[in-house]
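Trainee: what follows is a predicted protein model with its sequence.
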Amino acid sequence: MAARYVVAPAAEIPPGARKVVEAGQGRRIVVFNLGGEFFALLDRCPHQGGRLSEGKLCGLVESDEPGVFRYGRKGEILRCPWHQWEFDIRTGRSWHDPDRTRVRAFPARVERGAALREGPYVVETFPVRVEDDYVVVEA
Amino acid sequence: MPRPRAIDCDLHPAVTGFAALAPHLEPYWRDSVEDRGMEALESASYPPNAPITARADWRPAGGRAGATLAQLRTEALDRFGADIGILNCLFPVQLPFSEDMSAAFARALNDWVRAEWLDRDPRLRASIVLPMASPEHAVEEIERLAPDRRFVQGMILAMGEVPAGRRTFWPVYAALERHGLPLAIHAGSAYRHPVTSVGWPSWYLEDYAAHQQGFQSTLASLVTEGVFAKFPGLRVVLLESGVSWLPPFLWRLTKTWKGVRFEVPWVDRPPAEIVRDHVRLTVQPFDAPDDPDLVRRLLDHLRSDELLLWASDWPHWQFDGDAVAPPGLPADLLPRIMVDNPLATYARLREEGVPS
Amino acid sequence: MNVVRPIAAPGRPAVATLGLFDCDIHPRPLSLEEYRPWLSAEMWHRLSTYGIRPRHGFAKGYPFPKAAPLASRRDAWPPGKVPASDLDFLRAQHLDFHGIDIGVLNPLQPSGQGDQNDAFSAAMAYAVNEWQLERWLRDEPRLRASVVVPYEDGEASAREIRRRAGDRRFVQVLLMSRTAEPLGRKRYWPIYEAACEAGLPVAFHAFGYSGWAMTNGGWPSFYIEEVSEHATSCQSQVISLIVEGVFERFPSLRILMIECGFAWIPSVGWRLDQHWRKLKDEVPHLRRAPSEYLREHFHVSTQPMDEPERPEHLLDVMEWIGWDRILYASDYPHWDFDDPRTALPAFIPPERRRDIFGANARALYGMPAA
């Protein structure tokens, strides 16, 4: 069963920012704040192992017809820093092969410090204050 | 319709000169040819005396290879048991720089093949040779000839002035799709560019080998520009293209697509799949060693038994004797290549009651 | 050449027991000023005033914009600098992390190769070569240099090669794959003559601008096509080198194709053989089947790894090319970098991977076994 990790005070990852955290056995996870929503992905591209946390968050471009660019979802598509494979940060699925090529995605959310006292949680090495918000990742 | 024994998808009847074409040229062009002393039009892709251009035993003394119906019958159709043969004329209407001249020669050539060949043997079908210097002219030629169901495809050369996928040509592909005609791409160049991307080579052997690069570039253009997204019904047939270059080309294009598909978002599935769904290749020349085990592995790389079409490439010299089927091809694949795949590719070969 | 003791490093493949050679690392100057010490006042004036003038129309910017800035890994930017411009950063991220024993530098632009002006190209080549020694090799014994040559001027290239001959820090001659004429043409033969004299392989790296359209049917539209067309231009170079009889004239010449892809190589050899049988009369200077020259004289680097739809098909093409002809390359710091731990699939037998990482490069570059 997945453990719940308190990975950072929410204020440490403002909208548009990201943070790499360790969650169990040296596993690197990258947490994104997309306009107040948090998403967590394994920090390793399934292709050659590039660190996705170094990638650029781009928009999604699709097309209904050659020459027509349908562009949106700005900031939701993570391009691997190496071979530019695109991953949806909401699901971890690649654009080019969504069923078979995907990054492991972990549920992430914000919880109030008071709630975290009830556990069980694995807390990183920072103090948890009841009145603050924290990012929690199930991994 | 009885099942044909074989369908030969690449036959080259030769125009012996402007005199042969003259009856089919419009008066202005017929007189221009004479007034200006245009004695011949031959392509550097196929020097008449070069060994590949015609097999030695298909070169009549004092005559020209591939010039008569009798030659075609005895040397290819009857000899190799083809009940249907597709004529792809290589008289180089693509060479002249005047688009009007190019289109006029194309019209004459297509009328010539109809009168001198199609009307004289019911087994024959032909390509509409397209004057691509002007897409408008090419569309006109398709509209003019498509009603004759013996024209089964439109044909261009692998190397033109701009890559074949560019949108300037899309009215041509729309017309082909509308009429159920595949786009055939034959080895050859309009020589608007050197035959390599690094300049002119020294030897004809290099020129002939360079078709392999031309086909890769053309196919990359068709896929990346989105021709198959725009015209999902369009089929492409590569003629005299060779085969063994295709898998590595597709691997590379597909790998690159995974990373930079954002540049061409209309390419919304792997290029290798698109090509397998839309593109077919003829089997002569077959660019692999005569090693059955190697050929089997190579065919496995294609990942489909629907891609290859039978062709003798008559009268070009690609094989000796009767070895029209490349050595090493598995016997159980031959019926597919000789009959099923051509029938699946050419809608017009499946029709009943084609005038004969 | 010292024998390099295999080192432990977190990013080193365990199978690299005969050394880990990377035959493709791309150093970059932070600014053109870095070349200035080795340029005459006249050439510095040209560089700083008129700039590099390749055979295309983009004075700044690329004919085909890259997949990422400076075509580089996004994690390869040292703070405040450009990728592979900082030796310490390159050491930490690449040489140390992957445990590279020997890394070969291949300076790309701005190097002046393929410039419209031959004299300028020659001056730049000299400066870039001195820059490699001073800026990179002086303090880093794991790095080796390539002799950058002004390849459109055969005689000037030969002079630059002879200047470096005997200096074991230079391990190969470097050309770009898109040249103004096919590489088998006689104008380039002085390069091969000097390289053979010096005992250096001639490498051509995918890239450059020939001045001709990027395909033999005109200019393509997209970067994805440019990447694809690196293969076709390299194919034309292979065909030219073989058909012109370069290897009959220079039997000791060895060619390394870097970043050209490799899966296409068998097909080019087969096609040439097929047509050569019909056209032998035209090329009597060829005394063997074209594929034999290909097998004997050409080596290839792995990056960008060809990735067949069914991965194990790689085994076929690697066997057809020759297991001893394939050298690992990372292409650091570029976006299509290949990590040595993951680029070579595990189904490639370990002893083959071991040779691709170490033995094959040692043989080509004439370095003693580890």
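Mentor: Noted; the coordinates are in hand. Residues are numbered from 1 along each chain as shown, chains lettered A, B, ... in the order given.

Trainee: what about B:S32, distance to C:W335?
Mentor: From B:S32 over to C:W335 the distance is 55 Å, taken as CB to CB, to the nearest Å. The way it works is simple: take the backbone N, C-alpha and C, and place the C-beta from them, glycine included.

Trainee: tell me which of the two has more neighbours.
Mentor: Between B:S32 and C:W335, counted using other CB atoms under 10 Å in any protein chain shown, C:W335 has the larger neighbour count: 25 against 14.

Trainee: by residue count, what's the longest strand in chain A?
Mentor: Looking across chain A with DSSP state E, the single longest strand is strand A:70-79.

Trainee: I'd like the next helix or strand past that one.
Mentor: Counting by DSSP states H and E, the next helix or strand C-terminal to strand A:70-79 is strand A:86-88.

Trainee: avg pLDDT for the following helix or strand past that following strand?
Mentor: Next along the chain after strand A:86-88, taking DSSP H and E as the criterion, comes strand A:105-106. Strand A:105-106 carries an average pLDDT of 96.

Trainee: for whichever helix or strand comes after strand A:105-106, packing partners?
Mentor: Using DSSP H and E, the helix or strand that follows strand A:105-106 in sequence is strand A:108-112. Secondary-structure packing of strand A:108-112 (3 or more CB pairs under 8 Å, 6 or more residues apart in numbering or on different chains; DSSP states H and E): strand A:37-42, strand A:133-138.

Trainee: again, only this time at 10 Å
Mentor: The helices and strands touching strand A:108-112, judged by 3 or more CB pairs under 10 Å, 6 or more residues apart in numbering or on different chains; DSSP states H and E, are strand A:4-9, strand A:28-34, strand A:37-42, strand A:133-138.

Trainee: and for C:D153, nearest residue in space, chain neighbours not counted?
Mentor: Leaving aside its sequence neighbours, C:D153 sits nearest to C:D118 (CB to CB, 6 or more residues apart in numbering or on different chains; 4.2 Å).

Trainee: so what are the sheet partners of the helix or strand of chain A with the lowest mean pLDDT and their directions?
Mentor: In chain A, no helix or strand scores lower on mean pLDDT, DSSP states H and E than strand A:122-123, which sits at a mean of 76. Sheet pairing of strand A:122-123 (DSSP bridges) gives strand A:4-9 (parallel).

Trainee: what angle do the strand it pairs with and strand A:108-112 make?
Mentor: Relative orientation of strand A:4-9 versus strand A:108-112 (axes from the mean of the first three to the mean of the last three CA atoms, to 10 degrees): 70 degrees.

Trainee: next one: strand A:4-9 to chain centre, how far?
Mentor: In terms of CA atoms, centre = their mean, to the nearest Å, the centre of strand A:4-9 is set 13 Å apart from its chain centre.

Trainee: got the angle between it and strand A:28-34?
Mentor: Compare the direction of strand A:4-9 with that of strand A:28-34 by the same axes, to 10 degrees and you get 60 degrees.

Trainee: which parts of strand A:4-9 are buried?
Mentor: For strand A:4-9, the buried set under the neighbour-count rule, 16 or more other CB atoms under 10 Å in any protein chain shown, comprises A:4-9.

Trainee: tell me where the model's unsure across chain A.
Mentor: Scanning chain A for pLDDT under 70 picks out A:1, A:124.

Trainee: do that again at 50, thanks
Mentor: Along chain A, the model assigns pLDDT under 50 to no residue.

Trainee: apart from its chain neighbours, what residue comes closest to whichever residue of it sits closest to chain B?
Mentor: Proximity of chain A to chain B (CB to the nearest CB) peaks at A:P66, 3.0 Å away. Counting by CB to CB, 6+ apart, A:P66 lies nearest to B:G226, which is 3.0 Å off, once chain neighbours are set aside.

Trainee: pull the number of nearby residues for the closest residue to chain A within chain B.
Mentor: Proximity of chain B to chain A (CB to the nearest CB) peaks at B:G226, 3.0 Å away. When counting by other CB under 10 Å, one arrives at 23 neighbours for B:G226.

Trainee: give the contact list for residue 48.
Mentor: With no chain named, the answer covers chain A. Contacts here follow CB atoms under 10 Å, 6 or more residues apart in numbering or on different chains; on that basis A:Q48 touches A:80, A:82-83, A:85, C:305, C:337-343.

Trainee: nope, chain B please
Mentor: Taking CB under 10 Å, 6+ apart, one finds B:14, B:40, B:42, B:54, B:59, B:64-65 in contact with B:P48.
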